[in-house]
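> 3D model of this:
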Amino acid sequence: MNPFVFYAPTKVVFGVGAVEKTGAEAKAWGAHRVLIIYGSERVVKDGLMKRITDSLEAEGIAWWKIGGVVPNPHLGLVYDALEIAKRENVDFLLAVGGGSAIDTAKAVGYGLYEPDKDVWELYNHDRIAKGCFPVASVLTIAAAGSETSNSSVITDERTASKRSYNDDLARPKFAIMDPALTASLPDWQTESGCADMMMHTMERYFTNSGNMEITDSIAEGLLRTVIRNAQILHADPANLDARAEVMWAGSLAHNDLTGCGNGVGGDFVCHMMEHELGGMFDVTHGAGLAAIWSTWARYVVNNCLPRFVRYAVNVMGVEPGATDEETAERGIAAMEAFYRSIGMPIRIHELGINPTPEQIREMAARCVGACGGSKGAAKVLYEEDFIKIYELAL
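Predicted coordinates:
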């Protein structure tokens with residue numbers, strides 16, 4: 001066992017119809033002037049936005065809104081939202097959407113707390129945040145887990161730099177989670193979300209510093225649940241029970257629960273490498289993770305063999321082979337087959353992109369810059385390793 005601190009202060013309001021409680025929850029947290037940050041106009045056209053604003057108005061809360069958040073959310077919209085929030089003396093930020101909207105709201109929250117500083121300095125790791133205006137969310141996409149996590153990811157579209165910043169100051173005050181709000185998502189988005197939430201747990205699972213049995217059991221149960229329900233939703237998108245399962249799994253996968261006691265916080269190489277893919281080519285995050293994972297796994301497997309063997313047997317349900325190496329490979333192959341079964345890619349070219357050698361070297365160099373020279377808990381990797389994995393994953 002390794003020492004750890006588990007901090008999960010977000011209040012979750014879960015269930016069909018939970019959105020009607022948005023105003024009451026915002027009022028309970030002292031909101032008077034709310035900026036709603038959202039992405040797709042779907043939330044306006046299907047009436048969700050009106051349900052939210054009616055709920056706020058019923059509690060006497062004034063509101064403003066800004067839409068247009070995109071996947072791999074842009075810094076430019078963060079700046080635009082900051083202008084509105086400052087002008088209207090906003091005191092609370094409500095994200096409506098998925099991880100991109102929530103990450104944008106967190107960035108705006110940091111920016112409002114220190115209005116004389118450039119918020120991008122945080123994501124570029126030039127300084128540390130001193131505070132964050134309160135953030136909450138109405139979740140419409142089960143994927144990133146940003147609704148209960150301390151992390152956010154923003155892309156500076158001017159330089160194609162995609163960077164993360166993690167700080168408990170930005171953990172949301174509450175999350176409204178209604179599985180019915182995800183029912184109209186396209187299958188690609190649903191399954192990309194499932195790949196993302198699984199990766200949040202796998203990044204914490206593949207380490208060499210020791211793990212607690214209870215944490216492993218939670219992680220393995222979560223992964224098996226997502227695998228089963230992702231396949232259900234691929235065949236039956238209207239299955240509300242399956243949507244509820246993956247929605248809750250997405251939050252648990254990234255609120256740090258599945259990493260308690262692993263001593264290092266996790267591996268997160270696949271995330272760092274996908275951030276560069278996303279920044280350069282604007283690929284869907286979960287799909288990009290799936291396209292990299294098995295190549296990364298085969299690259300590091302011999303340095304983290306007991307964990308890959310356990311994963312193969314306890315999560316993927318494979319029959320053990322004659323050697324640990326054979327068992328681990330069966331598990332990786334089973335994971336690839338699962339990705340195929342839900343329409344996810346297992347190679348970069350399946351994303352519709354074909355990075356040049358120069359682009360690969362640039363992405364690897366940016367990985368090194370973002371992580372301070374090296375990254376990895378299953379195996380510590382350096383710039384040449386990133387290059388090789390990108391090349392092998394093509």
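> List the buried residues in stretch 216-231.
216, 218-220, 222-223, 225-227, 229-231 (16 or more other CB atoms under 10 Å). Yep, even glycine has a C-beta here, placed from its N, CA and C like the rest.
> and the closest residue to I141 other than its chain neighbours, what does it touch?
With CB to CB, 6 or more residues apart in numbering as the criterion, I141 has its nearest non-adjacent residue at 2.9 Å, and that residue is G98. Listed by CB atoms under 8 Å, 6 or more residues apart in numbering, the contact partners of G98 are 39, 139-144, 146, 193.
> ok, those vs E274, which is closest?
A144 (12.4 Å; CB to CB).
> Is the closest one in contact with T104, as I believe?
No: the pair A144 / T104 is not scored as a contact, 11.8 Å apart, by CB atoms under 8 Å.
> higher neighbour count, those two?
T104 (32 against 27; other CB atoms under 10 Å).
> That one and A81 touch, don't they?
Yes: the pair T104 / A81 is scored as a contact, 6.8 Å apart, by CB under 8 Å.
> Find the residues that touch each one of those two.
I37.
> buried set for the lowest-mean-pLDDT helix or strand in the chain?
Least confident helix or strand of the chain, by mean pLDDT, DSSP states H and E, is helix 42-45 with a mean of 92. Applying a neighbour-count criterion of 16+ other CB under 10 Å, one finds V43 buried in helix 42-45.
> Figure out how far the helix or strand that that helix is followed by is from the centre of its chain.
The helix or strand immediately downstream of helix 42-45 is helix 48-58, counting by DSSP states H and E. Offset of helix 48-58 from its chain centre (CA atoms, centre = their mean, to the nearest Å): 27 Å.
> Helix 48-58 packs against which elements?
helix 22-28, strand 33-38, helix 42-45, strand 62-66, strand 92-97 (3 or more CB pairs under 8 Å, 6 or more residues apart in numbering; DSSP states H and E).
> Tabulate the ones you listed (JSON lines), appending distance to A183.
Below are those laid out as JSON lines (distance: least, CB to CB, whole Å):
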{"stretch": "helix 22-28", "distance to A183": "19"}
{"stretch": "strand 33-38", "distance to A183": "18"}
{"stretch": "helix 42-45", "distance to A183": "12"}
{"stretch": "strand 62-66", "distance to A183": "23"}
{"stretch": "strand 92-97", "distance to A183": "15"}
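> Nearest approach to R310 belongs to which of those?
strand 92-97 (35.6 Å).
> angle of the closest one against strand 33-38?
Calculated by axes from the mean of the first three to the mean of the last three CA atoms, to 10 degrees, strand 92-97 forms an angle of 20 degrees with strand 33-38.
> Partner strands of strand 92-97 and their direction?
strand 33-38 (parallel), strand 135-139 (parallel) (DSSP bridges).
> which one of these is the most hemmed in?
strand 135-139 (a mean of 29; mean count of other CB atoms under 10 Å).
> follow-up on the earlier one: looking at the buried residues of stretch 216-231, which one is closest to D178?
N229 (16.8 Å).
> Name the nearest residue to K50, sequence neighbours excluded.
Nearest to K50 is V44, by CB to CB, 6+ apart, at 8.0 Å.
> middle-most residue in the protein, spatially?
A144 (2.6 Å; CA atoms, centre = their mean).
> which ones are touching it?
98-100, 102-103, 193, 196-197, 250, 254, 285.
> and V69, how many neighbours?
25.
> Could you pull up the contacting residues of the residue nearest to it when sequence neighbours are not counted?
Using CB to CB, 6+ apart and skipping residues adjacent in sequence, the residue nearest V69 is G39, 3.8 Å away. Counting by CB under 8 Å, 6+ apart, G39 makes contact with 67-70, 97-98, 100-101.
> Which among the residues you listed count as buried?
The buried subset of the contacts of G39 (16+ other CB under 10 Å) comprises 67-69, 97-98, 100-101.
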